[in-house]
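*Asks:* Take this sequence and fold it.
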Amino acid sequence: MPKPRKQQICLEATPFYHCVSRCVRKAYLCGFDLTTKTSYEHRRAWLEEELLKQAEVFAIDIAAYAIMSNHYHVVLHINKAKADAWRLDAVIERWHTIYKGCALSQRYSAGETLLDVELETLNGIAEKWRRRLMKISWFMGRLNEKISRQANHEDNCTGHFWEGRFKSQALLDEKALIACLAYVDLNPVRAKMAKTPEQSAHTSIKKRAEKAKRSNTINHPNQQVKNLMPFAGNPRNDMPEGLPFQLTEYLELVELTGRVIREDKRGHIERDIPPILQRLGIEPKSWMELTTKFEDNFNDLVGSPTKLEDAIALLDRKRRPSLQNCKTLLS
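*Replies:* Residues are numbered from 1 along each chain as shown. Predicted structure coming up:
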């Protein structure tokens, strides 16, 4: 039986989550349906555009994404500090971007003066909206609803377009995070949809690679893709907000991993292990298992055994999902 979201998502355990949504029906999310001889490639742009646009509204950062033919992957970061810093006006403006709001918020936005009791009521409503704007369930639910409506309209049909629930995996430490990022970015290469990561259409790795080509200081967060969570560099004092890795190291790691995954290209990760793997203490053999079978090896909690135990306590759960694989691959 699926666990409630409150037992899967806990900010005290980690702000990073890997989410996957898959289609029901034989109709395609994207790609080419050989049965009906119909191309749905344009739907990739629908999903990518809406995903990035929605991230500008929510207090949720996108660390990685890959849009496949009948499903999509996204690694999300809950930015609580960002949500807490919003004033009343900012919360209402963001909520009105995607939802109608209420009569009080509409009057407030129009510049009307509200009574004290009305303002107090509106503040309570806005606090509820603030919490929703940092919830992954609201982010994924709204995104999937928007795309399903467009797809159903185009297909001239009704009914469910997505599976009832999206899959969520909590990434409890840096090892789990870096492995999942590479797993997501290399999805099109594994599926033989692209020859190289930077040629993978509608993926975060393609956007990062294209931006890196035009940047003089690739690793500087301000010189990276604006609507993706930046790579802030190796952990240090006064660490800026972002992923705790160097972008150049990560791009090299993904490229090298992609060469090993593809059978028609040469490459041996053992001969040239990137420093990022050495620093995180990940064995090359474990790295290949992580970046090709991430979803198969783990359930909803992913991290070292110590981090797993901490998360179990915070979520008040008894079972330890995928404990053996966490010991073997991420210990």
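
*Asks:* Low-confidence stretches in this structure?
*Replies:* Within the chain, the set of residues satisfying pLDDT under 70 comprises 1-8, 25-28, 31, 262-274.

*Asks:* pull the longest helix from it.
*Replies:* For the chain, the longest helix by residue count, based on DSSP state H, is helix 136-155.

*Asks:* Buried residues in that helix, which are they?
*Replies:* By neighbour count with 16 or more other C-beta atoms under 10 Å, helix 136-155 contains the buried residues Ile136, Ser137, Trp138, Phe139, Met140, Arg142, Leu143, Asn144, Lys146, Ile147, Ser148, Ala151. Just so you know, the C-beta spots here come from the backbone N, C-alpha and C atoms, and that holds for glycine as well.

*Asks:* could you dump the helix or strand just after that helix to PDB, C-alpha only?
*Replies:* Downstream of helix 136-155, the first helix or strand assigned by DSSP states H and E is strand 167-171. In PDB, the C-alpha atoms belonging to strand 167-171 read as follows (Å, rounded to 0.1, in the frame of the first residue of the first chain):
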ATOM      1  CA  LYS A 167       6.900   8.200  -7.400                       C
ATOM      2  CA  SER A 168       9.000  10.100  -4.900                       C
ATOM      3  CA  GLN A 169      12.500   9.200  -3.500                       C
ATOM      4  CA  ALA A 170      14.200  11.200  -0.800                       C
ATOM      5  CA  LEU A 171      17.900  11.900  -1.500                       C
END
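
*Asks:* just checking, Pro188 touches Tyr72?
*Replies:* No: Pro188 lies out of contact with Tyr72 (C-beta atoms under 8 Å); the separation is 11.3 Å.

*Asks:* shared neighbours of these two, anything?
*Replies:* Ala66 (C-beta atoms under 8 Å, 6 or more residues apart in numbering).

*Asks:* Please identify which of these two sits among more neighbours.
*Replies:* Neighbour tally, Pro188 and Tyr72, criterion other C-beta atoms under 10 Å: the higher count belongs to Tyr72, 28 against 25.

*Asks:* Glu50 is in contact with the more buried one, correct?
*Replies:* No: at 11.0 Å, Tyr72 does not count as touching Glu50 under the criterion of C-beta under 8 Å.

*Asks:* so where do the strands sit in this protein?
*Replies:* Ranges of strands in the chain, per DSSP state E, are 16-22, 32-33, 38-39, 60-67, 71-78, 167-171, 301-302.

*Asks:* Can you say which of these is nearest to Gly159?
*Replies:* Within the strands of the chain, the stretch nearest Gly159 is strand 16-22; the backing value is 15.4 Å (C-beta to C-beta).

*Asks:* For the closest one, name the packing helices and strands.
*Replies:* strand 71-78, helix 136-155, strand 167-171, helix 174-185 (3 or more C-beta pairs under 8 Å, 6 or more residues apart in numbering; DSSP states H and E).
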